[in-house]
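Participant: please find the sequence and the predicted model below.
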Amino acid sequence: MNIAILTSGGDSSGMNPAIKKFVECCYEKNYTPYFIYDGLEGMIDGKIKKASYKDVAGIIYRGGTIIRSSRSKRWYEKKYRKIAYENLKNNKIDALIILGGDGSFRALDVFYDEFKIPFMGIPATIDNDIPLNEYTIGVDTALNVIREAVDDIRDTASSFSRAFVIETMGRECGYLALTSAVANGAEMCLIPEVKYNLDNLKKRYLDEIKNGRSYFLAIVAEGLNISYKIKEWFEKEIGFESRVTILGHIQRGGSPTVIERLRTAEFVKTALDNIEKNPDKIVTYYDDKFVLRDLKDIVNSKYELDENMLALAKKLMGI
C-alpha cells in the first residue's frame, strides 16, 4: 500500500515529529511512504516523492514542516483538484494522511466527495479550533512559547509600572488567549467568543491600584483587532503608560514539547492502524483518548471553548 502524507495550512510545531513517525510506522507495517511537498499546491503540481529513513533523520526537535505547507487558491477550482487526483493516481498513491486545521479538512471533504481517495486526517493547528476534539498538534508548543513571552514581558511591566497588551494568534478562535491568560495570571482576557465589559474592569482595576497593584498584563486575541484600542484605554481610563506586544508568528515556531511529541506519535499510529480497515476518518483527541470521527461530523460541527476554562476567566473579562 502506497500512502502519502501532506501538511496543509498554517505550520505548527509537532508536524515534523508526525512526519518522522509516519515514515517509521509505514515501514514497520510494510507500507510505502510518500511525501507531498507544499501541501495542496504541491499535490496540484505533482510534487510527490517516495520517502526514506534518511529524509526524517534528526527532524524530531525541529519546528515547522520539512515537507512545507501552503494555502491554495487554485484548490477552489475543480479542474485543479482533478489534476491533483491524477497526480496521485500517476504515483500509485492508495491513501492520504493529511495534517491540518479547519480549512484543510473542508478542502479534504470536497476532494473526497469528488474522487473517493481513502484518507485519515490528523488535527494540526495552533488555533486548537477543531470541533469534537480537545487537542491539536502544535497547540502545546504555542502555549509554551506564549508563556515564555508573557513571563519576560512581566519583568518589564513590573519594573516600569506599565500595562502591557499582549496579542495572541488564533484567527477568530480565542483558545490561545483564554488558556494563556488563565495559565499566566493575566489581569485581562479579551476573546471573540465572549462579550467583555470594560466598565466593570475599570472599577476593579482602580480598586486594585488602591490596594497596591502596580502593573497589568492584558492578553487579547487577534480576532478582535482591538489591541491598540485597549492600550489607549489603559492610558486614558486607568492612567497607566501602556505598550502593545504582538507575538505573531513566533507562536508557530519552536522545538515541539514533550507532550507534543508523544501525542503526535499516537495520532500517527492510530491513523495508520486504521487506514485499511476503517479509513476516511479524522483522528481526534477527546476525553483523554483517541477517537475516530467522520469527516462530515467535523466540518458540520461548531467548535466551542471549554466552559470550565471560561468560568475561570470571567473576572478577566469583566463579567
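Facilitator: Noted; the coordinates are in hand.
Participant: SS state for residue 3?
Facilitator: strand (DSSP: H, G, I helix; E, B strand; the rest coil).
Participant: pLDDT score assigned to it?
Facilitator: Looking at residue 3, its pLDDT stands at 98.
Participant: do I have it right that it meets residue 26?
Facilitator: Yes: Residue 3 lies in contact with residue 26 (Cβ atoms under 8 Å); the separation is 6.1 Å. In short, each C-beta sits where N, CA and C put it, glycine included.
Participant: which neighbours do these two have in common?
Facilitator: Residues touching both residue 3 and residue 26 by Cβ atoms under 8 Å, 6 or more residues apart in numbering: 32-33, 272.
Participant: the longest helix in this structure is where?
Facilitator: Longest helix of the chain, by residue count under DSSP state H: helix 139-160.
Participant: gap between it and the chain center?
Facilitator: 19 Å (Cα atoms, centre = their mean, to the nearest Å).
Participant: hmm, back to that, compare residue 3 and residue 26 (neighbour count), which wins?
Facilitator: Comparing residue 3 with residue 26 by neighbour count (other Cβ atoms under 10 Å), the higher total belongs to residue 3, at 25 against 22.
Participant: how near is that one to residue 94?
Facilitator: 7 Å (Cβ to Cβ, to the nearest Å).
Participant: likewise residue 28?
Facilitator: In terms of Cβ to Cβ, residue 28 sits 17 Å off from residue 94.
Participant: okay, these two: which has more neighbours?
Facilitator: Neighbour comparison, residue 28 and residue 94: the larger count goes to residue 94, with 18 against 10 (by other Cβ under 10 Å).
Participant: just the pLDDT for that one.
Facilitator: pLDDT at residue 94 comes out at 98.
Participant: likewise for residue 171?
Facilitator: 88.
Participant: and the helices in the protein?
Facilitator: Using DSSP H, helices in the chain cover 15-28, 39-45, 53-56, 78-90, 102-115, 139-160, 175-183, 198-210, 227-233, 258-274, 295-299, 307-317.
Participant: show me what the last one is packed against.
Facilitator: I take that to be helix 307-317. helix 175-183, strand 188-190 (3 or more Cβ pairs under 8 Å, 6 or more residues apart in numbering; DSSP states H and E).
Participant: now do the second one
Facilitator: Contacts of helix 39-45 with other secondary structure elements, assessed using 3+ Cβ pairs under 8 Å, 6+ apart, are made with strand 2-7, helix 78-90, helix 102-115.
Participant: looking at those, which is buried most?
Facilitator: strand 2-7 (a mean of 26; mean count of other Cβ atoms under 10 Å).
Participant: paired strands for it, with orientation please.
Facilitator: strand 32-36 (parallel), strand 95-100 (parallel) (DSSP bridges).
Participant: figure out which of the helices of the chain is closest to residue 70.
Facilitator: helix 39-45 (4.0 Å; Cβ to Cβ).
Participant: mind listing what's buried in the closest one?
Facilitator: Neighbour counts over helix 39-45 (16 or more other Cβ atoms under 10 Å) mark 39-45 as buried.
Participant: show me the domain layout of the protein.
Facilitator: With domains defined by automatic domain parsing, the chain comprises 2-138+256-301, 140-252.
Participant: closest one to residue 312 among those domains?
Facilitator: Closest among those, using Cβ to Cβ: domain 140-252, at 5.1 Å.
Participant: next one: that closest one to chain centre, how far?
Facilitator: Using Cα atoms, centre = their mean, the offset of domain 140-252 from its chain centre is 20 Å.
Participant: end-to-end on it?
Facilitator: 10 Å (Cα to Cα, to the nearest Å).
Participant: again, but for stretch 298-311
Facilitator: Terminal residues of stretch 298-311 lie 25 Å apart, using Cα to Cα.
Participant: which other residues reach that stretch?
Facilitator: 102, 105-106, 109, 121, 129-134, 173-175, 178-179, 182, 191, 193-194, 282, 284.
Participant: and if we set it to 6 Å?
Facilitator: Contacts to stretch 298-311, defined as Cβ atoms under 6 Å, 6 or more residues apart in numbering, come from residues 105-106, 109, 129, 131-132, 178, 193, 282.
Participant: same thing with stretch 278-297?
Facilitator: Counting by Cβ under 6 Å, 6+ apart, 109, 118-119, 121-122, 132-135, 267, 270-271, 298 sit against stretch 278-297.
Participant: buried set for that stretch?
Facilitator: 279-285, 290, 292-293, 295.
Participant: want to throw the residues you listed into CSV with distance to residue 311 and pLDDT?
Facilitator: Formatted as CSV, those follow (distance: Cβ to Cβ, whole Å; pLDDT from 0 to 100):
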residue, distance to residue 311, pLDDT
279, 39, 96
280, 37, 96
281, 32, 97
282, 28, 97
283, 29, 98
284, 24, 98
285, 22, 98
290, 27, 98
292, 30, 98
293, 27, 98
295, 32, 95
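Participant: can you list these in CSV and add distance to residue 17?
Facilitator: Converted to CSV, these look like this (distance: Cβ to Cβ, whole Å):
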residue, distance to residue 17
279, 23
280, 24
281, 21
282, 19
283, 15
284, 18
285, 15
290, 16
292, 21
293, 22
295, 24
